[in-house]
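# Sequence and predicted structure, then a few things I'm wondering about:
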Amino acid sequence: MNTHDVSQVPKYLQVLNIQKQNLKRAQSFKGRRAISKKSRDEGLRQFMFRQMRLRQLMNKKEPKSSKEIRSSFIPSAYAPCIASLKELSKVMIKDLYIETHHHGRYLLLRTVTPTDIMTAIMAIVEDEEGRVLMLQLYNQGQELSRAYHLTEGTVIVVKEPYVKVMADGDYGLRVDHLSDVRFIPEFGSLVPLSWRKRITEDGDFSNSWKMRGNDFFNQADYHLAIESYSKALESSPSNEVAITIKLNRALSFLKTHQFDAALLDVEEASCGPEPSEKALFRKAQALYYLQRFRESCETNKALSEKYPENTLARREFERASARLAEAGIGKYEFKRMQLEARKRQPPHLDRGSFIGPVSVRPTKSRGRGLFTTEAVKAGDLLFCEKAFAHAFHDVKDTTRNLTLLINAQKDTMTLGTQAELIESVAQRLYRNPSLQPTFTDLHHGTYKPVNIPEIDGIPIVDTFLVERIIQLNCFGCPLSSRETHISAMTSDATAKKDNEQYHSCGVWPLASYINHSCLSNARRSFIGDMMVIRATKDLAPNTEVTFWYKSPFNRESEGVSVELKHWGFRCDCIICQNIQKTDKTIVIKRAETLADLERLFKSRKSYLPKIEETVFGLAETYTQPASEVPRLAIWTPYLNLAAAYAASRQPRKAVIFGLQALESLGYVIDGGETPHASGRPLIVKKWGLMIDSVVGCWMILSGAYHVVAPGLEAQAEEYARISYRICIGEDQTFDETYGKLSERLDGLLPTAK
Ligand SMILES: C[S@@+](CC[C@H](N)C(=O)[O-])C[C@H]1O[C@@H](n2cnc3c(N)ncnc32)[C@H](O)[C@@H]1O
């Protein structure tokens, strides 16, 4: 939804076709032995040369062209290894076959080069016989090459290895699932003697491992610190020492965002009658980052009561209480959030999710959907959700590459940050398995995932399930909807962008249960990584909430309904049904009239009554009432007429066409016509479709009423405010954005702020 789909763009189609040819060629090698075409020395030399070149380029710090694009290919899905390492037998590089998953086998390897970061983390590895291959680790996190895991000499186990033909025609190991690779610390029992560096062990094993852990921690080498503390715990320390080690390990887990494991350690360390200050503090932190704000609050409260001098605990208590309030009643400081979104890089806001009067339930024919649990009014907040994961692309930052994510099996390509999002979700689930159900429950079509949560105490995350869920549930998003609105409304371009495609994207699990309808009754907006969903109409209890996966605008003049093949269904709403039924001659007439109108509006000499007449001609191509089937193609001409009459100081005409414009979107409005009988209120009896320019339309009406029916000015502005709240997510910035500062009469904004 709103991601940058380039599946039909010719220059990218070329890349897709080359990839398909490569895949076909690779298949012709299937089953041959994976003996590298290069000698060990040649392979190493080339790798190091490439590294040197990259370093030189980086040192030059030349700004990259914003058009620089990396490609990332999604291979055919394969399941993560679900066998225990004990059940696998060792295989050597010389016994591997190309394009083959070596089930029941594992490789023991050691890196012989530093790492290289492309779309994967790469290094050359050798086995115990000294044969080498390129290793490509996907979704492992860029930090991997910096952390202890993958420095030169790191020992690695690859479970059920898969050898593929790489882009340069040589062979390499590709690992997609995080749990298919294990990093073995130098002191691990799997490390062969010949690879082992000498370890001096003191008499008191647990204490010396603990000390080593502390040293690693102080060097910010948290993964090795965790390994050392775990070794210390294996060496049967006393109860007291075990508690200290667990607390230290918990802190290392917190540093590496493994909040589940941190929580487990502190809970075990604080099971006695008197949990320590450190234990309580770390527990509150772990709970906070797992978004368990109530428990975090309670723990912080207990901590503050017991240790009143701990000011940090008090601050943390206040922070968790603020999240709890947001989550409980949906009270947000939206204005501040807008500011934070602009300042933070990436715009990740520290806020809690609020779930309002909605719940997930089965639908008759669309799988699960989201329903209202009570009556709501247009503009009401249904929920405000913090992203489960969010990948941000700063349009102003020309040094960061975009990634072209290519799925040759499904013939789809997106440009942006989806590859980053897949990695970020896989990492989050791997580090915090308690979050898995929230994500894996999302719609994943026909994909059949493995259902084993962990093996050998290590969580299993199926990367291809993550990829599939992201394909079907990910939302492209701007930095903020306010920013998009301002840029749309300050541009004089009359056609507002309603099918915007964004390079940033994210996953919002609750929003993912909302099904599509062109006759939507809810709208999503963004403030940084928070998604705000508001009702666009008054809704009765138990109404299914729907929004647009793709905007239906510009469809009826083309005679085709909205294209939703990517999600595997066709929309059967009344707008789409009507498009299907519309005669071809009418479609052609509409398209021609719209082209005429565009010309007339552009021409400075155009006479407004002539435009009016042409618009009426367009209106005649519709047969059903707009209150039943919105007339999407006529919205912009009516709105432009209203704006043109407002600008030429003909307020009565501006009112007529402003109201017609809204009615074309399905609104039923009472009391808006002029001359206006004093005291009669302006009432929206039925809300229609909501798009950004509806706010401007109400502002045109408000300005026009100021002259011809002053009693309605404030009421029209109130409807503008509600519409703004729906499109932007909040109305705390309405006055700043529109306010009385605007001297324009045509509904556009004077300046971008
Ligand atoms: C993001 S999920 C929405 C939630 C989904 N219904 C579920 O059960 O989890 C998208 C999928 O929902 C279904 N869907 C959404 N809107 C639909 C519609 N208007 N008609 C039929 N199926 C729809 C399609 O299967 C689509 O791939």
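Arrived safely, thanks for sending.
# Spell out which parts of this structure neighbour the ligand.
For the chain, the residues in contact with the ligand (C-beta under 6 Å from any ligand atom) are 366-369, 443, 472-473, 512-513, 515-517, 567-569, 571. No exception for glycine: its C-beta is placed from N, CA and C like everyone else's.
# Just the ones of these in strands?
Arg368, Gly369, Asn515, His516 (DSSP state E).
# Output the residues you listed in TSV; the columns should cover pLDDT.
Putting these into TSV (pLDDT from 0 to 100) gives the following:
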residue	pLDDT
Arg368	98
Gly369	98
Asn515	98
His516	97
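# so which of the residues you listed is the most crowded?
Asn515 (21 neighbours; other C-beta atoms under 10 Å).
# Isn't that one up against Trp567?
No: applying C-beta atoms under 8 Å, one finds Asn515 not in contact with Trp567, separated by 9.4 Å.
# continuing past the host helix or strand of Arg50, what's the next helix or strand?
Per DSSP states H and E, Arg50 falls inside helix 40-60. Using DSSP H and E, the next helix or strand after helix 40-60 towards the C-terminus is strand 69-74.
# Could you name the helices and strands sitting against that next one?
helix 10-28, strand 402-407 (3 or more C-beta pairs under 8 Å, 6 or more residues apart in numbering; DSSP states H and E).
# Quick check: buried residues in stretch 312-327?
By neighbour count on 16 or more other C-beta atoms under 10 Å, the buried set for stretch 312-327 is Ala313, Arg314, Glu316, Phe317, Arg319, Ala320, Ser321, Ala322, Arg323, Leu324, Glu326, Ala327.
# and what of stretch 289-309?
Quick answer for stretch 289-309 (16+ other C-beta under 10 Å): 290-293, 295-304, 307.
# Just list the residues touching Ala619, thanks.
Arg631, Ile634 (C-beta atoms under 8 Å, 6 or more residues apart in numbering).
# by contact count, what packs against the helix or strand hosting Leu133?
Element membership for Leu133, per DSSP H and E: strand 132-137. Contacts defined by 3+ C-beta pairs under 8 Å, 6+ apart place strand 132-137 against helix 40-60, strand 121-126, strand 171-175.
# Could you dump the ones you listed into CSV and include mean neighbour count and mean pLDDT?
Output for the helices and strands packed on strand 132-137, formatted as CSV (neighbours: other C-beta atoms under 10 Å; pLDDT from 0 to 100):
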stretch, mean neighbour count, mean pLDDT
helix 40-60, 12, 79
strand 121-126, 22, 92
strand 171-175, 23, 94
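# Leu290 contacts Phe259, doesn't it?
Yes: between Leu290 and Phe259 there is a contact under C-beta under 8 Å: 4.9 Å.
# what touches both of these two?
With C-beta under 8 Å, 6+ apart, Leu290 and Phe259 have common neighbours Asn432.
# secondary structure class for Arg599?
helix (DSSP: H, G, I helix; E, B strand; the rest coil).
# whoops, Val360 was the one
Val360 ends up strand, using three-state DSSP.
# What residues are bridge-paired with it?
Leu370 (DSSP bridges).
# Neighbours of it, how many?
Neighbours around Val360, by other C-beta under 10 Å: 14.
# contacting residues for it?
Val360 neighbours (C-beta under 8 Å, 6+ apart): Arg368, Gly369, Leu370, Phe371, Leu510, Tyr513.
# and if we set it to 10 Å?
Contacts for Val360 (C-beta atoms under 10 Å, 6 or more residues apart in numbering) come out as Arg368, Gly369, Leu370, Phe371, Asp441, Pro509, Leu510, Ser512, Tyr513, Ile514.
# swap in Ala661?
Ala661 neighbours (C-beta under 10 Å, 6+ apart): 634-643, 667, 693-694, 696-697, 700-701.
# quick one: the residue in the chain that the ligand sits nearest to from Gly568, how far?
Proximity of the chain to the ligand (C-beta to the nearest ligand atom) peaks at Gly367, 2.7 Å away. Taking C-beta to C-beta, to the nearest Å as the measure, Gly367 falls 11 Å from Gly568.
# any residues in contact with both of the two?
By C-beta under 10 Å, 6+ apart, the residues touching both Gly367 and Gly568 are His443.
# returning to that earlier point: buried ones among the contacts of Val360?
Looks like these have Arg368, Gly369, Leu370, Phe371, Pro509, Leu510, Ser512, Tyr513, Ile514 buried, using 16+ other C-beta under 10 Å.
# The stretch 351-500 of the chain: helices as residue ranges?
418-431, 436-440, 463-473, 481-490 (DSSP state H, counting those that start in this stretch).
# actually the stretch 101-250 of the chain, not the one I wrote
Under DSSP H, counting those that start in this stretch, the stretch 101-250 of the chain gives helices at 143-146, 205-218, 222-234, 239-255.
# rewinding a little: how about a markdown table for the buried residues of stretch 312-327, with secondary structure and distance to Val707 added?
As requested, the buried residues of stretch 312-327 are exported to a markdown table (DSSP: H, G, I helix; E, B strand; the rest coil; distance: C-beta to C-beta, whole Å):
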| residue | secondary structure | distance to Val707 |
| --- | --- | --- |
| Ala313 | helix | 60 |
| Arg314 | helix | 56 |
| Glu316 | helix | 56 |
| Phe317 | helix | 55 |
| Arg319 | helix | 50 |
| Ala320 | helix | 52 |
| Ser321 | helix | 50 |
| Ala322 | helix | 46 |
| Arg323 | helix | 48 |
| Leu324 | helix | 49 |
| Glu326 | helix | 42 |
| Ala327 | helix | 46 |
